[in-house]
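*Asks:* got a predicted model here, sequence first, then my questions.
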Amino acid sequence: MPHSSDQDSKVAFFHIPKTGGMTFGGVLQSMFGDSFAACSDPSIDAVASALQKFDCLEFHVHPYKGRLPYMHSELAAKNRWDLLERREIFTMLRDPVEQSLSLYFQLVESRPLLEQTCYKPFGIPFPESLEEFVEMPWHMNTQSHFLLGHNNKPTFDFVSEDLARVKDWLVKLKVHVGLTERYADSLHVLEKVTGRNVDEYKVERRQVNKNRLRSEQIPETVKDKIRSQSHRDLELYEFARERFEEDFREYGKGPVYTFTSGVFIGHYDSEEHNTRTVASSPWRKVHIRVVVLTIQCICYLRRTFLKSC
């Protein structure tokens with residue numbers, strides 16, 4: 001994939017929830033400093049202005065005029081990807097089973113707020129188990145749904161034509177796809193493409209849920225159910241792995257990165273992925289904003305689903 005590979009590179013990062021994007025965004029912020037920003041207005045004019053002002057712009061989810069749109073939704077709706085020309089584009093994808101599990105345990109951790117704001121007002125009980133959670137279709141295929149940029153329909157309406165559009169988008173915009181399960185190698189690609197380095201090869205892992213179970217502790221029947229519900233994301237993930245391997249073949253394995261946060265869940269095997277994890281002091285800052293935004297996003301999908309019934 002062509003790239004500029006120097007410090008003049010400008011970057012756009014599409015931050016899919018629960019893929020390690022908080023950590024990746026933190027790395028970008030440390031690399032770009034004051035020239036990094038998270039988009040907060042999805043209108044074309046606002047995005048164009050932000051792209052002019054900042055060398056690195058993150059597209060995630062943010063409250064806007066009483067809604068909770070993906071910040072690239074207008075770019076997608078009006079096909080204005082030309083605004084991203086001459087930018088290196090990155091996103092992170094994650095094994096759909098792991099991503100869904102991560103989402104579930106974050107919701108459980110946030111239950112006091114979530115139950116009162118997103119479940120009880122609609123007369124829907126909070127899922128009392130992971131088994132109940134996986135039966136809710138709006139929690140599935142969220143990675144494909146995000147990249148498509150559509151906010152106005154539940155995720156289970158996703159059709160094969162939409163998935164083809166996402167794949168085409170990844171190819172045409174020459175998106176560098178990182179994988180949560182290959183985090184160190186993904187960071188190495190980021191360094192080589194942008195010509196910027198991770199400071200002392202130390203990375204603070206952000207938004208780590210200390211209470212989530214390891215994947216091997218989850219019943220296979222539950223994971224099979226997630227797979228059956230997430231067939232779009234599974235297909236996208238396999239396509240993303242092929243895209244990732246293209247970059248990996250070009251740049252190879254990078255240096256050893258030290259990941260700190262105090263809790264290690266098991267995605268960064270030191271032998272396979274060239275990383276190591278060390279304990280550190282507790283977070284200096286709790287990422288409340290991200291928790292709230294995730295909750296609000298699920299509320300939005302739930303409200304959309306109920307209106308369509």
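*Replies:* Received it, and whenever you're ready, just let me know what you need.

*Asks:* please make it C-alpha for all contacts and neighbour counts, starting now.
*Replies:* Noted.

*Asks:* in this protein, which ranges drop under the pLDDT threshold?
*Replies:* 1-7, 117-118, 122, 151-158, 262-309 (pLDDT under 70).

*Asks:* and the strands in this protein?
*Replies:* If DSSP state E is used as the criterion, the strands of the chain fall at 10-14, 36-38, 56-59, 87-93, 176-179, 202-204, 257-260, 275-278.

*Asks:* helices and strands around the fifth one, which ones?
*Replies:* Helices and strands touching strand 176-179, by 3 or more CA pairs under 8 Å, 6 or more residues apart in numbering; DSSP states H and E, are strand 87-93, helix 183-194, helix 231-251.

*Asks:* and the contacts of the last one?
*Replies:* Think helix 231-251. The contact list for helix 231-251, computed with CA atoms under 8 Å, 6 or more residues apart in numbering, reads 1, 93-96, 140-144, 158, 160, 163, 167, 176-179, 185, 188-189, 192, 227.

*Asks:* picking that back up, let's have the helices and strands packed on strand 176-179 in TSV, adding distance to residue 30 and mean neighbour count.
*Replies:* Below are the helices and strands packed on strand 176-179 laid out as TSV (distance: least, CA to CA, whole Å; neighbours: other CA atoms under 10 Å):
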stretch	distance to residue 30	mean neighbour count
strand 87-93	16	24
helix 183-194	12	23
helix 231-251	22	17
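
*Asks:* in TSV: those, plus distance to residue 116.
*Replies:* Output for those, formatted as TSV (distance: least, CA to CA, whole Å):
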stretch	distance to residue 116
strand 87-93	31
helix 183-194	35
helix 231-251	30
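
*Asks:* so which of these gets nearest residue 14?
*Replies:* strand 87-93 (4.9 Å; CA to CA).

*Asks:* neighbouring strands - and their directions - for the closest one?
*Replies:* strand 10-14 (parallel), strand 176-179 (parallel) (DSSP bridges).

*Asks:* may I have it as PDB, with CA atoms only?
*Replies:* Presented in PDB, the C-alpha positions along strand 87-93 are these (Å, rounded to 0.1, in the frame of the first residue of the first chain):
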ATOM      1  CA  ARG A  87      -4.100  11.300   4.600                       C
ATOM      2  CA  GLU A  88      -3.000   7.900   6.000                       C
ATOM      3  CA  ILE A  89      -6.100   6.300   7.300                       C
ATOM      4  CA  PHE A  90      -6.100   3.800  10.200                       C
ATOM      5  CA  THR A  91      -8.700   1.700  12.000                       C
ATOM      6  CA  MET A  92      -8.500  -1.200  14.500                       C
ATOM      7  CA  LEU A  93     -10.600  -4.300  14.300                       C
END
